[in-house]
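Asker: Sequence first, then the predicted structure:
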There are 2 protein chains.
Amino acid sequence: MEANGEKYAANFSSIKEAQKRISLYIHKTPVLSSETLNSMSGRSLFFKCECFQKGGAFKFRGASNAVLSLDEDQAIKGVVTHSSGNHAAALSLAAKLRGIPAYIVIPKNAPKCKVENVVRYGGQVIWSEATMHSRESVASKVLEETGAVLVHPYNDGRIISGQGTISLEFLEQVPLLDTIIVPISGGGLISGVALAAKSIKPAIRILAAEPIGANDAAQSKAAGRIITLLETNTVADGLRAFLGDLTWPIVRDLVDDVITVEDKEIIEAMKLCYEILKVAVEPSGAIGLAAVLSDGFRKNPAWQDSKKIGIVLSGGNVDLGVLWDSFRK
Amino acid sequence: MEANGEKYAANFSSIKEAQKRISLYIHKTPVLSSETLNSMSGRSLFFKCECFQKGGAFKFRGASNAVLSLDEDQAIKGVVTHSSGNHAAALSLAAKLRGIPAYIVIPKNAPKCKVENVVRYGGQVIWSEATMHSRESVASKVLEETGAVLVHPYNDGRIISGQGTISLEFLEQVPLLDTIIVPISGGGLISGVALAAKSIKPAIRILAAEPIGANDAAQSKAAGRIITLLETNTVADGLRAFLGDLTWPIVRDLVDDVITVEDKEIIEAMKLCYEILKVAVEPSGAIGLAAVLSDGFRKNPAWQDSKKIGIVLSGGNVDLGVLWDSFRK
């Protein structure tokens, strides 16, 4: 979009186009609420359950928008990506819908259930080491060999536009939201959500939730430029990526703040999602609830007027044994 | 309603009245679907997620209808019930909403999370032995002492009418359903669902799902009269009650058949609910999915034309540790 003189890689129009393109294929996910969690947080909370999206995470929105955007002669050679799991499964499923191959580079430390999803949806798994460098170089090799199109997990306007459709649904379902809290990793989800939500409701507050052990977004916002980390350390396997050059300007301009939380708060939030909401939510997905329940948020005078808060439960792909083990620690 | 010359303890009018009475207080629960589960079953499945109802189960519909139906001078003395858990929590919550006491007789073998729900909603717990006889005699004693009103978990027209509101929502959300599968225990849920669904859509098929180890409904249907069992043996703690004199005529006349399943099928269905639907469902709640995946259902020529099947996921109150342990057996 920058080539057209636009400011960002996506905008309200591209998000509305994405919605038209994908609406027949995605689930319009429900919004849940709980008086128990409202009491605990002292706010009215509305949970957008993207864990119920196809593939078990919001990622199918962006992936299907990207795949359905391809010209026929591009599409036929297939798509490639590298991902810790949810984007991989989503891209596999989107490719399957269109009948084209999906080549998926997966780091060896990806959760088992996420790899199973890739296989279930017919993606071809190619293993890499856990580092971003290894992921990217293996993906480049596959690109060369197949002529397939790279669909980056987040640093891509089509992906950002697809994820932004969440806000179109969410603000139709709960028009009174004054704040939306969104997990941040590479920034694709929050960029789309922020662009659409602030187009519809300019005064709405968009807050990012990030693990302390992978707080590149908080550091980047503070520094005014992209900061990457030498290593990350968090239970939230989906939140270990860093901002990209297309997501950073949107995060810089439209995300009001970043709330960082500890892993133990994430685990407690997962437990509440299970016990109170009755929803399976992975660590990355539960971080928004962890954020609103954190002292950092509750006691911050700046957020006292966030009364009606939308929380994106971004995904639900968590092995039950892992969930149970994490609760007992 | 029998006093008015009507056939059953509830009817379509009483269910529509219940909906008006309770609609401000209950959650309109979402319907989920999954292509993976459609493929596995060979049908189109629609899951009505009563696990997301207040209190974590459908029971709040009936309980709130009963409590809100009481005259002021009846209500002020409070309500009493005996229940293995979900009705108890639901009645506590309904009583709390109206600001009246709830006295809850709970058998000692009730799941921990269900007892916690009662306490969370302000119910006063009174313990009994696990037998129905002990539950009823302790409840009678409390009734005498308090002058409170007994709200039976299922053998009550107000309860049946409240549970029937599920069908009003479900057939509005998915009008094309040709079959609804409902867990059966005391019969309050399926009676309400059947009455409402067959009033709206007379040709709709209503099937009960029951554990083999508590198959009193299957035996009753076969015998043409209420059969009770000396003991029950099933993982589905919510499905151990027997039909009552008010639910039996409705089950006899309006339930097309009873599908019995083994506990291992129930556990497998719970696992699928968690892994595929991303929903916490208790054993009793998962039995409908177990039924459609059972050989008894799949291979029965009588049900081949059940193509668009509604499944009531009746509740989600299951301790995570119990869930995990049951998966490993």
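Answerer: That came through, no problem.
Asker: could you pull out the strands for the stretch 151-300 of chain A?
Answerer: Using DSSP state E, counting those that start in this stretch, the strands of the stretch 151-300 of chain A run over A:179-183, A:205-211, A:257-261.
Asker: Tell me which residues are up against the second one.
Answerer: Going back to what we said before, that points to strand A:205-211. Residues outside strand A:205-211 that contact it (Cβ atoms under 8 Å, 6 or more residues apart in numbering or on different chains): A:178-185, A:190, A:193-194, A:197-198, A:216-218, A:232, A:234-236, A:239, A:251, A:254-263, A:266, A:287-288, A:290-291, A:303, A:306. The C-beta positions use only the backbone N, C-alpha and C, and glycine is treated the same way.
Asker: List the buried residues for that strand?
Answerer: Along strand A:205-211, these residues count as buried under the neighbour rule (16 or more other Cβ atoms under 10 Å in any protein chain shown): A:205-211.
Asker: Now do the contacts for the closest residue to chain B within the stretch 1-150 of chain A.
Answerer: Here the stretch 1-150 of chain A gets closest to chain B at one residue, residue A:30, 3.5 Å apart by Cβ to the nearest Cβ. Residues in contact with residue A:30 (Cβ under 8 Å, 6+ apart) are A:49, A:52, B:30, B:32.
Asker: Nearest to residue A:272 among those?
Answerer: Residue A:272 lies nearest to residue A:49 out of the contacts of residue A:30, by Cβ to Cβ, at 14.2 Å.
Asker: Show me what that closest one is bridged to.
Answerer: residue A:313 (DSSP bridges).
Asker: quick one: it and residue A:313 touch, right?
Answerer: Yes: at 5.3 Å, residue A:49 counts as touching residue A:313 under the criterion of Cβ atoms under 8 Å.
Asker: more neighbours, those two?
Answerer: Set residue A:49 next to residue A:313 and count neighbours by other Cβ atoms under 10 Å in any protein chain shown: residue A:313 wins out with 31 against 27.
Asker: Next one: that one relative to residue A:250, how far apart?
Answerer: 22 Å (Cβ to Cβ, to the nearest Å).
Asker: need the contacts of residue A:30 in a markdown table with secondary structure and pLDDT, can you?
Answerer: Supplementary listing: these in a markdown table, determined by DSSP: H, G, I helix; E, B strand; the rest coil; pLDDT from 0 to 100:
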| residue | secondary structure | pLDDT |
| --- | --- | --- |
| A:49 | strand | 98 |
| A:52 | helix | 98 |
| B:30 | coil | 98 |
| B:32 | strand | 98 |
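Asker: Not counting sequence-adjacent ones, nearest residue to residue A:227?
Answerer: residue A:219 (4.2 Å; Cβ to Cβ, 6 or more residues apart in numbering or on different chains).
Asker: wait, the one you found sits on residue A:228?
Answerer: No: Residue A:219 sits out of contact with residue A:228 when judged by Cβ under 8 Å, with a separation of 9.0 Å.
Asker: between these two, who's got more neighbours?
Answerer: Taking neighbours as other Cβ under 10 Å, residue A:219 and residue A:228 compare with residue A:219 leading, 16 against 12.
Asker: before we move on, back to that, which neighbours do residue A:49 and residue A:313 have in common?
Answerer: Common contacts of residue A:49 and residue A:313 (Cβ under 8 Å, 6+ apart): residue A:279.
Asker: Contact residues of chain A facing chain B?
Answerer: Residues of chain A lying close to chain B (Cβ under 8 Å from any Cβ of the partner chain) are A:27, A:30, A:32-33, A:35-36, A:51-52, A:54, A:56, A:113, A:120, A:271, A:274-275, A:277-281, A:316, A:320-321, A:323-324, A:327.
Asker: What's the ChimeraX line that selects buried ones from the residues you listed?
Answerer: Applying 16+ other Cβ under 10 Å to these leaves a buried subset, and the ChimeraX line that selects it is:
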select /A:27,30,32,33,36,51,52,54,56,113,120,271,274,275,277,278,279,280,281,316,320,323,324,327
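Asker: Looking at the residues of chain A next to chain B, which are in helices?
Answerer: Here DSSP state H is the test, and those give A:35-36, A:113, A:120, A:271, A:320-321, A:323-324, A:327 as lying in helices.
Asker: Help me confirm that residue A:117 comes into contact with residue A:54.
Answerer: No: between residue A:117 and residue A:54 there is no contact under Cβ under 8 Å: 10.2 Å.
Asker: mind giving me the domain ranges of chain A?
Answerer: According to automatic domain parsing, chain A comprises the domains A:2-58+A:157-328, A:59-150.
Asker: CA atoms of the helix or strand bottoming out on mean pLDDT in chain A as PDB?
Answerer: Sorting the helices and strands of chain A by mean pLDDT, DSSP states H and E puts helix A:320-328 at the bottom, at a mean of 79. Provided in PDB are the C-alpha atoms of helix A:320-328 (Å, rounded to 0.1, in the frame of the first residue of the first chain):
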ATOM      1  CA  LEU A 320      -3.900 -31.000  27.600                       C
ATOM      2  CA  GLY A 321      -1.000 -32.600  29.300                       C
ATOM      3  CA  VAL A 322       1.100 -29.500  28.900                       C
ATOM      4  CA  LEU A 323      -1.800 -27.400  30.400                       C
ATOM      5  CA  TRP A 324      -2.200 -29.800  33.300                       C
ATOM      6  CA  ASP A 325       1.500 -29.900  34.000                       C
ATOM      7  CA  SER A 326       1.800 -26.100  33.900                       C
ATOM      8  CA  PHE A 327      -1.000 -25.800  36.500                       C
ATOM      9  CA  ARG A 328       0.800 -28.000  38.900                       C
END
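Asker: Can you give the distance of it from its chain's centre?
Answerer: How far helix A:320-328 lies from its chain's middle: 22 Å, per Cα atoms, centre = their mean, to the nearest Å.
Asker: the inter-axis angle of that helix versus helix B:320-328?
Answerer: Helix A:320-328 and helix B:320-328 are oriented at 150 degrees to each other (axes from the mean of the first three to the mean of the last three Cα atoms, to 10 degrees).
Asker: Helix A:320-328 packs against which elements?
Answerer: Applying 3 or more Cβ pairs under 8 Å, 6 or more residues apart in numbering or on different chains; DSSP states H and E, one finds that helix A:320-328 contacts helix A:263-272, helix B:320-328.
Asker: And these: which comes nearest residue A:85?
Answerer: Nearest to residue A:85, of all the helices and strands packed on helix A:320-328, is helix A:263-272, at 16.5 Å by Cβ to Cβ.
Asker: Can you list the buried residues in that closest one?
Answerer: A:263, A:265-272.
Asker: residues contacting the residue lying closest to residue A:215 once chain neighbours are set aside?
Answerer: Distances taken as Cβ to Cβ, 6+ apart put residue A:260 closest to residue A:215, at 5.1 Å, once the chain neighbours are dropped. Residue A:260 makes contacts with A:209-212, A:215, A:218, A:296, as judged by Cβ under 8 Å, 6+ apart.
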